[in-house]
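Visitor: Sequence unavailable; structure follows:
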């Protein structure tokens, strides 16, 4: 959980986040990754856990943006990046290379499709989950 704060701060520095907001980006990255880990360990699959963690990050980021008068994306975008599925995308990419070098194999094709779909669904869950709190909390008319 604490180690997720390091890439969050790194990407926040790449995105030119103000220095006073770096500690909040680190904290939010740790909260997001920690909540996803807790949800996965409690039995939820990683796609839904990433979705719920992104919603939590979005809600906290909106609240912090009101307190410290900054845009919510200052806190949330860098905090979500440690949850991106790098291993699944890497395995899918390596499977494509193996398919072109070795020819068709059912095991390699299964690894390709499984990891590509898992990475795609996690990225989709993160992006939708990060945008939903803004749609809910900045709504101009009643939701009912």
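Guide: Now that the structure is in, tell me what you want to look at. Owing to the predicted nature of the structure, the values given are computational and were not obtained by experimental measurement.

Visitor: where are the low-confidence patches of this structure?
Guide: 142-144 (pLDDT under 70).

Visitor: Would you mind listing the buried residues in the top helix by length along it?
Guide: Counting by DSSP state H, the longest helix found in the chain is helix 106-137. Neighbour counts over helix 106-137 (16 or more other CB atoms under 10 Å) mark 108, 111-112, 115-116, 118-119, 121-123, 125-126, 129-130, 133-134 as buried. The C-beta positions use only the backbone N, C-alpha and C, and glycine is treated the same way.

Visitor: now swap in stretch 66-80 and tell me
Guide: For stretch 66-80, the neighbour count (16+ other CB under 10 Å) marks 70, 72, 74-80 as buried.

Visitor: residues contacting the residue nearest to residue 36 when sequence neighbours are not counted?
Guide: Nearest residue to residue 36 in three dimensions, chain neighbours excluded: residue 53, at 3.8 Å (CB to CB, 6 or more residues apart in numbering). Counting by CB atoms under 8 Å, 6 or more residues apart in numbering, residue 53 makes contact with 32-33, 35-36, 39, 83, 129.

Visitor: Distance from the host helix or strand of residue 53 to the middle of the chain?
Guide: Taking DSSP states H and E as the criterion, residue 53 maps to helix 46-68. From the chain centre to the centre of helix 46-68 is a distance of 10 Å (CA atoms, centre = their mean, to the nearest Å).

Visitor: Give me the next element, helix or strand, following that helix.
Guide: Downstream of helix 46-68, the next assigned helix or strand under DSSP H and E is helix 72-80.

Visitor: Output the contacting helices and strands for that following helix.
Guide: Applying 3 or more CB pairs under 8 Å, 6 or more residues apart in numbering; DSSP states H and E, we find helix 72-80 packed against helix 5-14, helix 22-41, helix 46-68, helix 106-137.

Visitor: Those helices: which one's closest to residue 97?
Guide: Checking these against residue 97 by CB to CB gives helix 106-137 as the closest, at 9.7 Å.
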